[in-house]
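>>> this one's structure only:
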Ligand SMILES: C=C(C[SeH])C(=O)N1CCC[C@H]1C(=O)O
Ligand SMILES: [Zn+2]
């Protein structure tokens, strides 16, 4: 009878879940060894272990689909079976599976080991992305030097990945079809468990675009003031190499010479951290202390022992920051080539947020040890960092001596936050709209670069510093394209983190709508156990329930909406509209004059 069958199914699925935890632990160890020591030998060992794991998963999958789990009474049991009845890339036949692993490893190691020559001294050709190129890009205000760094990096990390990427698309789409998806775009979107995900992304962009256009216009004017109108036009897109970041995904490195009230004291925590001899370890300890102040979980002892938080000097590693769950309830790690600067202070909190989520759901079955949706996992640390980056908190921890907020410093603060958070949205939207087109075949290899730049120009209002052709492949010059990491998760994160932040601030008594002494921009939830407990109640659910249930637990909302972000930035939006009116700056951008199609 059904009762007995369901009992048998329960026993089976919990045994499978235990075996899956052991498999993921083993693969994780080999993956960690490869990513933290990039050698041919470690790559082959990792691929071999992945292949064995895929064969074991295939056998288990044959057995799992024999159960009539759709008829089971228990919701959790049905959800576990539903997740385990999707095999993933292991559905590929062995040879194709290995081939896919190889081309992704090829792109990833190319990106991690890419080097370029200096602008000033072309004989020095050992510049890596982290920290050398990133630091130069953040500091240089010489358009020619920035152009050189941009062109050389996009050649080494982008163009060189084109062939592997084309292979990856073909094989990954085959895996998608074996999982009953039309293509990888369909598969990636299924992770969000809503049937109108792409429309939701478009709606959010509609809501945020007016604010973005105002910020874009203001920054373009200030860059034109600095570099002249032969470098930055009055009505065109902004050249992508002048925005302080290799991908123009956040513009906070131009804040120091474009901020609204330059005579107001600037909070420069990079300098403050250097003056106070901060180390990478101190940055991680401060972040750990913030989480503990909320009554969240302390990093376990293995975390401090096994993590890599500084770039090793004796070997090649994947420097792009990452957090790792080894699915044994005690081994959690971060790998990061930490620099002592503001951007990495934020990234440390971002990565520690991943580990906090791992810790809070580590009691769940392995299959539920993931974000409620991928955007949730990216939002945990950033939500905390919204409190940490408040002037009030920076004064509390001695990283800023600035005076208390007045109207002008508040606009400066919102501007600095906007250069990170508002600017990022069209970039993130572009990256996966581009790849959706590639996976669907509406973008073919012959027009990869043309379509990529069309989206960049249309959504971000940026243009390449020099003409581009199909010899180039600029999308892969961004880590996540070379590393096969889906990116809509960050677009979702940058929206929901403001919904989380607003709810936490109200719970902490730090934000009261209409109360000028309790403004959202000044909110710092540090030491608020009420906020921490509410955050934990959502995070400990992992993916055991659909994400609207998780979001509702903390915010009372059941959908992602731009209202949190727009409320946070409202004073800035009003200021930008007035300022752009005053200067008569053109809002939006006309077609670019650079050739890229
Ligand atoms: C820090 C990470 C590792 Se999950 C990252 O890739 N982020 C964090 C924010 C956006 C995105 C990026 O760097 O492009
Ligand atoms: Zn992340």
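Nice, I can see it. Keep in mind that what you see is a predicted model, and the values were worked out from it rather than measured. Residues are numbered from 1 along each chain as shown. Ligands and ions are numbered 1, 2, ... in the order given.
>>> near residue 178, how many other residues are there?
16 (other Cβ atoms under 10 Å). All C-beta atoms are positioned from the backbone trio N, CA, C, and that covers glycine.
>>> who are the contact partners of it?
Going by Cβ atoms under 8 Å, 6 or more residues apart in numbering, residue 178 touches 87, 91-92.
>>> can you redo the residues you listed as CSV with secondary structure, neighbour count and pLDDT?
As requested, the contacts of residue 178 are exported to CSV (DSSP: H, G, I helix; E, B strand; the rest coil; neighbours: other Cβ atoms under 10 Å; pLDDT from 0 to 100):
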residue, secondary structure, neighbour count, pLDDT
87, coil, 19, 97
91, helix, 20, 98
92, coil, 22, 98
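>>> just put those in a markdown table and tack on distance to residue 408.
Converted to a markdown table, the contacts of residue 178 look like this (distance: Cβ to Cβ, whole Å):
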| residue | distance to residue 408 |
| --- | --- |
| 87 | 57 |
| 91 | 58 |
| 92 | 58 |
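>>> of the residues you listed, closest to residue 143?
Nearest to residue 143 out of those is residue 92 (Cβ to Cβ; 46.3 Å).
>>> measure the closest one to ligand 1 for me?
Counting by Cβ to the nearest ligand atom, to the nearest Å, the gap from residue 92 to ligand 1 is 26 Å.
>>> so that residue touches residue 176, yeah?
No. Using Cβ atoms under 8 Å, residue 92 is not in contact with residue 176, being 10.3 Å away.
>>> got the contact list for residue 453?
Each residue near residue 453 by Cβ under 8 Å, 6+ apart is listed here: 463-464, 468, 474, 596-597.
>>> per-residue confidence averaged over the stretch of helix or strand it belongs to?
Element membership of residue 453, judged by DSSP states H and E, is helix 448-455. Mean pLDDT, computed over helix 448-455, is 98.
>>> and the next element down the chain from it?
Counting by DSSP H and E, the next helix or strand C-terminal to helix 448-455 is strand 462-463.
>>> what residues of stretch 25-33 count as buried?
By neighbour count on 16 or more other Cβ atoms under 10 Å, the buried set for stretch 25-33 is 27-28, 30-32.
>>> looking at those residues, which is nearest residue 164?
residue 31 (18.5 Å).
>>> how many other residues sit next to residue 398?
Close neighbours of residue 398, defined as other Cβ under 10 Å, add up to 9.
>>> get me the contact residues on the stretch 251-400 of the chain for ligand 1.
321-322, 347, 350 (Cβ under 6 Å from any ligand atom).
>>> now tabulate the buried residues of stretch 25-33 in CSV and tack on pLDDT and distance to residue 394.
As requested, the buried residues of stretch 25-33 are exported to CSV (pLDDT from 0 to 100; distance: Cβ to Cβ, whole Å):
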residue, pLDDT, distance to residue 394
27, 98, 40
28, 98, 36
30, 98, 41
31, 98, 36
32, 98, 34
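>>> which helix or strand contains the residue nearest to residue 124 when sequence neighbours are not counted?
Distances taken as Cβ to Cβ, 6 or more residues apart in numbering put residue 118 closest to residue 124, at 4.4 Å, once the chain neighbours are dropped. For residue 118, there is no helix or strand it lies in under DSSP H and E.
>>> when you give positions from now on, start the count at 23
Sure, I'll start numbering at 23, so the last one becomes residue 140.
>>> confirm residue 278 sits in a helix?
Yes. Looking at residue 278 with DSSP: H, G, I helix; E, B strand; the rest coil, it is inside a helix.
>>> that one: what's it in contact with?
Residue 278 makes contact with 288, 290 under the criterion Cβ under 8 Å, 6+ apart.
>>> would you check how far apart it and ligand 1 are?
Counting by Cβ to the nearest ligand atom, the gap from residue 278 to ligand 1 is 21 Å.
>>> repeat for residue 67
Relative to ligand 1, residue 67 is positioned 24 Å away (Cβ to the nearest ligand atom).
>>> in a strand, that residue, correct?
No. Per three-state DSSP, residue 67 lies outside any strand segment and is helix.
>>> what strand or helix carries the closest residue to it other than its chain neighbours?
Closest residue in space to residue 67, ignoring its immediate chain neighbours: residue 52 at 5.9 Å, by Cβ to Cβ, 6+ apart. Assigned by DSSP H and E, residue 52 belongs to helix 24-57.
>>> now do the contacts for the most centrally placed residue in the chain.
Nearest residue to the geometric centre of the chain (Cα atoms, centre = their mean): residue 512, 4.4 Å. If you count contacts by Cβ under 8 Å, 6+ apart, residue 512 has them with 397, 400, 446, 450.
>>> only the buried subset of the residues you listed, as a ChimeraX command please.
Burial among those is assessed by 16+ other Cβ under 10 Å; the matching ChimeraX selection reads:
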select :397,400,446,450
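>>> what residue in the stretch 173-322 of the chain comes nearest to ligand 1?
Ranked by Cβ to the nearest ligand atom, the top residue of the stretch 173-322 of the chain for proximity to ligand 1 is residue 271, at 6.0 Å.
>>> that residue against residue 447, yeah?
No. If you go by Cβ under 8 Å, residue 271 and residue 447 don't touch, sitting 9.8 Å apart.
>>> what about residue 346, which helix or strand?
Using DSSP H and E, residue 346 sits in strand 344-347.
>>> and that strand, what does it pack against?
helix 24-57, strand 354-357, helix 364-382 (3 or more Cβ pairs under 8 Å, 6 or more residues apart in numbering; DSSP states H and E).
>>> near ligand 1 at all, the first one?
What it means is helix 24-57. No. Applying Cβ under 6 Å from any ligand atom, one finds helix 24-57 separated from ligand 1 by no less than 12.6 Å.
>>> and the helices in the stretch 223-372 of the chain?
For the stretch 223-372 of the chain, the helices defined by DSSP state H, counting those that start in this stretch occupy 291-297, 302-315, 323-328, 364-382.
>>> redo those helices as a markdown table? Include mean pLDDT and mean neighbour count.
Output for the helices of the stretch 223-372 of the chain, formatted as a markdown table (pLDDT from 0 to 100; neighbours: other Cβ atoms under 10 Å):
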| stretch | mean pLDDT | mean neighbour count |
| --- | --- | --- |
| helix 291-297 | 96 | 16 |
| helix 302-315 | 98 | 18 |
| helix 323-328 | 98 | 14 |
| helix 364-382 | 98 | 24 |
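>>> any chance of those helices in JSON lines with distance to residue 506 as columns?
Putting these into JSON lines (distance: least, Cβ to Cβ, whole Å) gives the following:
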{"stretch": "helix 291-297", "distance to residue 506": "32"}
{"stretch": "helix 302-315", "distance to residue 506": "27"}
{"stretch": "helix 323-328", "distance to residue 506": "25"}
{"stretch": "helix 364-382", "distance to residue 506": "18"}
